[in-house]
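S.K.: Need a 3D model of the following:
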Amino acid sequence: SKATVSVLNWQPRRPSEIDGSRLHRAPPPTMRAACTLSLLLAAAPCAALHVFDSDALTPSESFLLNIYNGLATQQHGVPSVWINWAGWAMNDIWVDELRAHNHVAFDRNFTTLRAFLDANPAEVRIDGYIYAALETDSQWYAASLAAGRRALVASDAGTAALMHALAVPRVLDLVARPVDLRAAWSMFKADPSANYDMVMVQQLNLNIQLVDYAVANQAFIFWSDDFTQPAPQLVLSELNANARVFGWSPDEGNFVGIMSQHDLSVVCSNLVLNLVVLATSWAGQRPEEASPRWWAVEGRAAAPAPPQRVPRGPTRDLHTGLARGASPEVVAQYVKEVREGMPHVEAEEPPLERPAAAAAAEPAAKNGTHYVAFVVSDGDNVQYLMTGFFTLWYGSPLRGKVPLTWTISGSADTVVPVVYDAIMRNATPNDDFVIGPSGYGYTYLNDWPTVHRNARGRQPPANPVHAFAASTAAFSKRTGVRAVNFLDMSDEQGGYPQAVDVYTADPFVRNYTDAVVYYQYSNYAGLNGAMYWSNGVLVIGGKQVLWDGFNTPEGLAEKINGYTTDPASPDCYSVIPVHAWSENMTSVLDTAAHLAPHVKTVTLTELLRLARQNVVPY
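M.R.: Alright, predicted model coming up:
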């Protein structure tokens, strides 16, 4: 019964011709503030997404179009544009998915960017434009200010001339008057609707990715070659507890470690294209029949014609996870919590108990059998979920032949619901899922501070790990995925993952978390399959790895064949991390084929159930 304020109820005034541009008034300030808390997922009715081909656009035009799409989503809760990116093999796959299962139509009604902006089909209010230069810091600072100032961004003489031709005034020039990171951050904070629950960290040359999402969420976007310098440290220190960092850095360990020290988690997304479209839960009844396995057949058939769009009922918004349609009082309380930097806490719930009949019906572990579960890595990588994961792993015709568990981002259902729905809809009985790493986002919980130090003076939670744990458990509650995969630097800090005990201390978390699968950063099998309990939650480490350079399929199977078959022993249960980048479905099946008859391959969910059922907690 919780809800967020929907700006979709706001009806814009009729368009008026202003010097040739069709510009609209924005929602009242209070409604705009509510909109910037989260990108609303329930799409308002729209005729179609307007398609542009990237090879028909200059880089500056592509950047401007992304800004427009972000503004459309920020102001109205629904994007307006799909860009077919040249050389991106996934274009057709996601267009097919949007048509067949999300009832999204596409058109090519506009042949030029000028005609599109002149028509302004999304009825976006545009008060001006900011001038910046591509592949410089100014592009990100302009994008960070675009939503608050209701401004497009021109980044060369051609797009500036286009703005002039449409009588859009220049409101800020970051080329003639450049600013540094500190100054840009101060300008961003001057807007009361600025979003401190996320930040975008994006390299300067990756300017066609992620920028639409930053604008849609009124989030700050920047890049630094050294995040330990005072200016980026200032930005990170002033974000809310448990905020998420979208983007990536090539220096994974140091980058995630620095973010963790500021109680932030990372959503790897620096290469995602058309993110505001894939982040929208499109209106329409989903087809009842199973979708075609288009990735498992050679020569994909043409997508079926989209059915008529039918508005769908209430859904959940992007970042709060609250259902739409509840009282304004609940919304006001959530807004207050966000403004004060506090995590949203679900109402206290009694402990969940499994019905005795259901527990009795589950098969027991057999003496003389060793249990093994293969777990594919890197599901936290959102861009991988929508590219190579679909073609190399989930799209393999070999998938489903053996039980296999997939890691998946604890933000996937809200950041890329179109992708998440496609994954779940096409799952076989042998497909299983575990959250992470490391839950709501990728982070090293052992590096988190015990007290949030918010430099803006907001009231912090007592321990920010609790906020991260609650956000991850909320994903479990929504999706039913009840195990979490942690990837941490504990091997560099003495071995014992102390943060796990803080994570499992919350009763709400324990209600929706059956187990933690723990990997050390330098060696996913560094705990050698060790098993223990944290506040009643099972914690288990990787036993061996299927990873090129560590084990061959035959050598790994030989090791597993020699493990104990006593179901009361922790050593009877082997979690095998599978490296997504160096292995494939063939190597998994090859390993399984070399296992002895007394070794049974199961899903991670089944292995954890058997371990909890048979191993005495200690």
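S.K.: Strands along the stretch 501-618 of the chain, start to end?
M.R.: With DSSP state E, counting those that start in this stretch as the criterion, the stretch 501-618 of the chain has strands at 515-520, 531-534, 537-541, 573-578, 599-601.
S.K.: now Tyr394: how far from Met386?
M.R.: Separation of Tyr394 from Met386 (CB to CB, to the nearest Å) stands at 10 Å. C-beta here means a position set from N, CA and C on the backbone, and glycine is covered the same way.
S.K.: Throw the strands of the stretch 501-618 of the chain into JSON lines and include distance to Ser80, thanks.
M.R.: Output for the strands of the stretch 501-618 of the chain, formatted as JSON lines (distance: least, CB to CB, whole Å):
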{"stretch": "strand 515-520", "distance to Ser80": "41"}
{"stretch": "strand 531-534", "distance to Ser80": "47"}
{"stretch": "strand 537-541", "distance to Ser80": "45"}
{"stretch": "strand 573-578", "distance to Ser80": "40"}
{"stretch": "strand 599-601", "distance to Ser80": "47"}
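S.K.: got those as TSV, with mean neighbour count and distance to Trp448 columns?
M.R.: As requested, these are exported to TSV (neighbours: other CB atoms under 10 Å; distance: least, CB to CB, whole Å):
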stretch	mean neighbour count	distance to Trp448
strand 515-520	26	15
strand 531-534	19	16
strand 537-541	23	17
strand 573-578	26	23
strand 599-601	19	35
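S.K.: Of all these, which one comes closest to Arg244?
M.R.: Closest to Arg244 of the strands of the stretch 501-618 of the chain, according to CB to CB: strand 515-520, at 20.2 Å.
S.K.: Gly379 is in contact with Met386, isn't it?
M.R.: No: the criterion here is CB atoms under 8 Å, and Gly379 misses it with Met386 at 11.6 Å.
S.K.: about what we covered before: out of the strands of the stretch 501-618 of the chain, flag the one nearest Ala184.
M.R.: Closest to Ala184 of the strands of the stretch 501-618 of the chain, according to CB to CB: strand 515-520, at 37.0 Å.
S.K.: any residues touching the closest one, and which ones?
M.R.: 375, 434, 436-437, 482-491, 497, 500, 503-504, 525-527, 534, 537-542, 575, 577, 604, 608, 612 (CB atoms under 8 Å, 6 or more residues apart in numbering).
S.K.: Listing partners with orientation, what would you give for that strand?
M.R.: strand 483-488 (parallel), strand 537-541 (parallel) (DSSP bridges).
S.K.: what pLDDT does Ala143 get?
M.R.: pLDDT, Ala143: 98.
S.K.: just checking, what packs against the helix or strand hosting it?
M.R.: Assigned by DSSP states H and E, Ala143 belongs to helix 137-149. Using 3 or more CB pairs under 8 Å, 6 or more residues apart in numbering; DSSP states H and E, the elements in contact with helix 137-149 are helix 59-76, strand 128-131, strand 151-154, strand 170-173, helix 181-189, helix 211-216, strand 219-222.
S.K.: so which of those gets nearest Trp581?
M.R.: Short answer: helix 211-216, nearest of the helices and strands packed on helix 137-149 by CB to CB, at 24.8 Å.
S.K.: what separates that closest one from the chain centre, distance-wise?
M.R.: 14 Å (CA atoms, centre = their mean, to the nearest Å).
S.K.: Run through who's touching it.
M.R.: Applying CB under 8 Å, 6+ apart, the contact partners of helix 211-216 are 39, 63, 66-67, 69-71, 73-74, 79, 143-144, 146-147, 200, 202, 219-221, 246, 269, 272, 274-276, 279.
S.K.: how about 7 Å then?
M.R.: For helix 211-216, contacts defined as CB atoms under 7 Å, 6 or more residues apart in numbering pick out 39, 63, 66-67, 69-71, 73-74, 143-144, 146-147, 200, 221, 246, 275-276, 279.
S.K.: residue ranges for the helices of the stretch 401-550 of the chain, please.
M.R.: 412-415, 417-425, 464-479, 498-503, 507-512 (DSSP state H, counting those that start in this stretch).
S.K.: For those, which has the smallest mean pLDDT value?
M.R.: Mean pLDDT values for those show the minimum at helix 498-503, a mean of 85.
S.K.: Could I get the buried residue list for it?
M.R.: Neighbour-count burial for helix 498-503, with 16 or more other CB atoms under 10 Å as criterion, is recorded at Ala499, Val500, Val502, Tyr503.
S.K.: Tell me which two of those sit farthest apart.
M.R.: Spatially, the most separated pair among the buried residues of helix 498-503 is Val500 and Val502, at 7.4 Å (CB to CB).
S.K.: ok, which stretches of the stretch 1-150 of the chain are strands?
M.R.: For the stretch 1-150 of the chain, the strands defined by DSSP E, counting those that start in this stretch cover 16-18, 21-23, 49-53, 81-84, 106-107, 128-131.
S.K.: Would you mind listing where the chain has pLDDT under the threshold?
M.R.: Within the chain, the segments meeting pLDDT under 70 span 1-47, 283-361, 452-462, 490-497, 618.
S.K.: From the chain's centroid, how far away is the helix holding Ala143?
M.R.: Using CA atoms, centre = their mean, the mean C-alpha position of helix 137-149 is found 22 Å from that of the whole chain.
S.K.: Stretch 362-375 now?
M.R.: The answer for stretch 362-375 is 32 Å, by CA atoms, centre = their mean.
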